[in-house]
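Student: from the sequence below, what's the structure:
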Amino acid sequence: MVLARNIVGIIGNVISFGLFLSPVPTFYRIHKKKAVEGFQPYPYLCTVLNCVCWMFYGLPIVVEDNILVFTINSIGLVIELIYLTIYCIYANDQTKRRRVGLVLLIEALFTAAMVAIAMIFFKFKHRALFVGIICDVFNIIMYASPLAIWKKVIATKSVEYMPFWLSVAGFANGVCWTIYALIKLDIFILVSNGLGAIFGATQLGLYGYYYLLGKSKIEDDGKPAEAQLSNQPAV
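Tutor: Predicted coordinates:
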């Protein structure tokens, strides 16, 4: 059972690592243009806090035998901080840099408070409950973040704004960590990643429906629908 859990956890680490690297083209574009343009740092700031919370959850002082949760979130934290460093380098005014710095400071204070409360006020057997609920809240928010893209896909009846392989990776990530949580029951990893798997399956279903709808429109009209004329996102 331990071996099976470790194997699934390693696979989960690999998939999660790929998801952490998915914004690389965006930051390559920022580096190439030497400007952040309309890109916002908030998704990466949110991911930083999510990683830090799960790193703490993965420590043996909170939950035993969860080192693979700690490792991938440590790697993710480093990657996200690199993204934010690139953003700050190419931000065209001090206000954007100060905003990033302020949010990171607030997150650091929040993390310090969470750790202090967990260690001082909760015994070991109750510590996972406190930290796990916080982790689940942030993880569910992260998994639900593509809802805005779903709205755009439904409105335009086009999958242009929904990358297929990124959707597959998100679904696979949710499924993998759900299995990991079921092998040795971890309710907090199970809840957020189970919901993540459901969100991922829904997103793939949405992709399949509107992809086929788009193909049928091309066959009926002899040309792509208006929303499909551009291959690039409008950002």
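Student: count the neighbours of residue 153 for me.
Tutor: Other residues near residue 153 come to 22 when the count uses other Cβ atoms under 10 Å. (Each C-beta comes from the backbone N, C-alpha and C, glycine too.)
Student: ok, and what's touching stretch 28-35?
Tutor: Where contact means Cβ atoms under 8 Å, 6 or more residues apart in numbering, the residues beyond stretch 28-35 that reach it are 36-37, 39, 86-87, 90, 92.
Student: again with stretch 41-53
Tutor: Stretch 41-53 has contacts (Cβ under 8 Å, 6+ apart) with 23, 73-74, 76-77, 80-81, 83-84, 87, 96, 99-100, 103-104, 107, 110-111, 114, 131, 134-135, 138-139, 141-142, 145.
Student: could you list which of these belong to strands?
Tutor: Using DSSP state E, no member of the contacts of stretch 41-53 sits in strands.
Student: in helices, which of those residues fall?
Tutor: Among those, DSSP state H puts 73-74, 76-77, 80-81, 83-84, 87, 96, 99-100, 103-104, 107, 110-111, 114, 131, 134-135, 138-139, 141-142 in helices.
Student: drop anything exposed from the contacts of stretch 41-53.
Tutor: Neighbour-count burial (16 or more other Cβ atoms under 10 Å) is assigned, among the contacts of stretch 41-53, to 23, 73, 76-77, 80, 83-84, 87, 96, 99-100, 103-104, 107, 111, 114, 131, 134-135, 138-139, 142.
Student: please verify my assumption that residue 153 contacts residue 167.
Tutor: No - counting by Cβ atoms under 8 Å, residue 153 sits too far from residue 167 to count as a contact (10.5 Å).
Student: what sits in contact with each of the two?
Tutor: In contact with both residue 153 and residue 167: residue 207, using Cβ under 8 Å, 6+ apart.
Student: that's all I had, so thanks and see you.
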